[in-house]
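J.: Here's a sequence, model it:
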Amino acid sequence: MTQDSWAELQLYMDTCLIPYTALKGNQSPVEATESLERLRDFLDLVEIPFKGRIMTYPAFHFEIPEMSMALNTVCKQLKASGFKYVVIMSSDGLLEKDQMPDADLILLHADIVQNVEENEISRYIGEKIRELWKR
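T.: The predicted structure is shown next:
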C-alpha cells in the first residue's frame, strides 16, 4: 500500500479488521499452527465476502494481561488514522467487551457458537457487519 493508493482506497475501505489469536505461549508448534488455522478460517467469513471494504491489519498473536484495554487503544488509534469502523475477531480468545468502547464490533467464536448453530455462523457474521455499516 502506498500513500497515493491509500488516499484513493480510503473512501471505500472504511473498516479495519484486527485478528486476535490469543496464544498463551505454552502451545506446541502444532497447537499454535492449529490456532492460526482456526483464526484464518474465522477471518475468511469477513475477508472474502466483504473484500474491498475491509482492510485486515496484522494480528495480535499473544495474550497479555489487560489485552482488552490494549486492543481498545489500538482501535482508538486506527480511528484517528482514518478508519470509520474497527472490528476485532478471534477464534480462540476471550475479551472484556466493556473495556473496549472504541471497538465497533467484537466477534468471538466462543460467544457466537453459544447462540448460533455452526452452519449459521457465516450468515450471522454477515448480518453483524452490515448492521455495523448501517449505524
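J.: Would you mind writing the CA trace of the top strand by length along the chain as CSV?
T.: Secondary structure of the chain read by DSSP state E shows that its longest strand is strand 15-23. Provided in CSV are the C-alpha atoms of strand 15-23 (Å, rounded to 0.1, in the frame of the first residue of the first chain):
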residue,chain,number,x,y,z
THR,A,15,-13.4,-0.8,8.1
CYS,A,16,-10.3,-2.2,9.8
LEU,A,17,-10.2,-5.8,10.9
ILE,A,18,-7.9,-6.8,13.8
PRO,A,19,-7.3,-10.5,14.2
TYR,A,20,-6.5,-11.8,17.7
THR,A,21,-5.0,-15.3,18.0
ALA,A,22,-4.9,-15.4,21.9
LEU,A,23,-1.8,-17.7,22.1
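J.: Tell me which helix or strand comes right after it.
T.: helix 29-47 (DSSP states H and E).
J.: low-confidence ranges in the protein?
T.: 1, 6-11 (pLDDT under 70).
J.: by contact count, what packs against the longest strand of the chain?
T.: helix 29-47, strand 54-56, strand 60-62, helix 67-80, strand 85-90, helix 121-134 (3 or more C-beta pairs under 8 Å, 6 or more residues apart in numbering; DSSP states H and E). (Glycine included, C-beta is placed from N, CA and C.)
J.: Compare these and give me the one nearest residue 98.
T.: Residue 98 lies closest to helix 67-80 among the helices and strands packed on strand 15-23, at 8.2 Å (C-beta to C-beta).
J.: wait, doesn't residue 39 sit right on residue 60?
T.: No. Using C-beta atoms under 8 Å as the test, residue 39 is too far from residue 60 to be in contact (10.5 Å).
J.: what touches both of the two?
T.: 19-21 (C-beta atoms under 8 Å, 6 or more residues apart in numbering).
J.: between those residues, which is closest to residue 109?
T.: Residue 109 lies nearest to residue 20 out of the shared contacts of residue 39 and residue 60, by C-beta to C-beta, at 10.8 Å.
J.: Brilliant, that's me finished.
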